[in-house]
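Q: Predicted model and sequence follow; I will ask about them next.
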Amino acid sequence: MSLFAIADTHLSFGANKPMDTFPGWNDYTERLKNNWNKLINDDDYVVIAGDISWAINFEELYADFDFINNLNGRKILIKGNHDYWWNTVNKMNNFINENGFDTISILQNNAFEFDGFSVCGSRGWMFDSEDCQDIKVLNREVIRLKMSVDAAKSSDKIVFLHYPPVTSNDKCEEIIQVLKENGIKKCYYGHLHSVAAKFSVDGNVDGIDFKLISADRLNFVPYLIKKF
């Protein structure tokens, strides 16, 4: 049994926003499906760390969740900045249950327990803006991350975020502080693509190992986090 992760799948089976027009994204859904099912077994878990679907409501989301549900393994989903369909946990769980998407779970204000470690996370937020609304959202995401980490039962907590908590020239002190206070040693994130990915950090900062797991960065191959 293993835990894998990937971010930024940007599915659009129910919305007219294909990513194939961007360099490196040609046939991305077929490539993702083939790579995923070759690598992932039914008893494995995959965290999808945000920007899952371009859908704006559950009606548009159905086809994307159907695609995800039929991939091998069980999936744990975190909100990204483009996940406009994201709703209350109750409404999302009702949508999942009503449509039989039995391999999909939501990570928000909670944690998932495995043999000897916990999976925690939140969306995170931009940290290079002084706009009052951005500061408000960031503070809310810090609270969500704290709630997730506090819900974890294991001392070994692996954190997933959508927004990068660090870049090559800056870092989000509020998020980093939560990670350091809770002894987090590994953190995975998405959001950065193409030219922006050159600012990503794949390495240790303040005693924490960070890695970018956006789908195009991984060539649409889920990244192995841990065997257990």
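A: The structure has been received and is ready for your questions. Worth saying up front: this structure is predicted, and the values here are computed from it rather than measured.
Q: Spatially central residue for this protein, please.
A: Nearest to the mean C-alpha position of the chain, by Cα atoms, centre = their mean, lies residue 49 at 0.6 Å.
Q: which stretches of the chain form strands?
A: 2-6, 45-49, 74-78, 104-106, 112-114, 117-122, 157-161, 166-167, 170-171, 186-189, 203-205, 208-212, 223-227 (DSSP state E).
Q: of all the ones you listed, which lies closest to residue 130?
A: strand 170-171 (13.1 Å; Cβ to Cβ). For the C-beta atoms, the positions are set from N, CA and C on the backbone; glycine is no exception.
Q: neighbouring strands for that closest one, and are they parallel or not?
A: Applying DSSP bridges, strand 170-171 is found paired with strand 166-167 (antiparallel).
Q: what is the mean pLDDT for the partner strand?
A: Averaged across strand 166-167, the pLDDT comes to 93.
Q: longest helix anywhere in this protein?
A: When the chain is parsed with DSSP state H, its longest helix is helix 132-151.
Q: Check which residues of it are buried.
A: For helix 132-151, the neighbour count (16 or more other Cβ atoms under 10 Å) marks 137-138, 141-142, 144-146, 148-149 as buried.
Q: Show residues contacting it.
A: Helix 132-151 has contacts (Cβ atoms under 8 Å, 6 or more residues apart in numbering) with 107-111, 120-127, 129, 157, 159, 161, 172, 174-175, 178, 182, 184.
Q: Identify the farthest-apart pair in the buried residues of helix 132-151.
A: Largest separation among the buried residues of helix 132-151 by Cβ to Cβ: 137 and 149, giving 18.8 Å.
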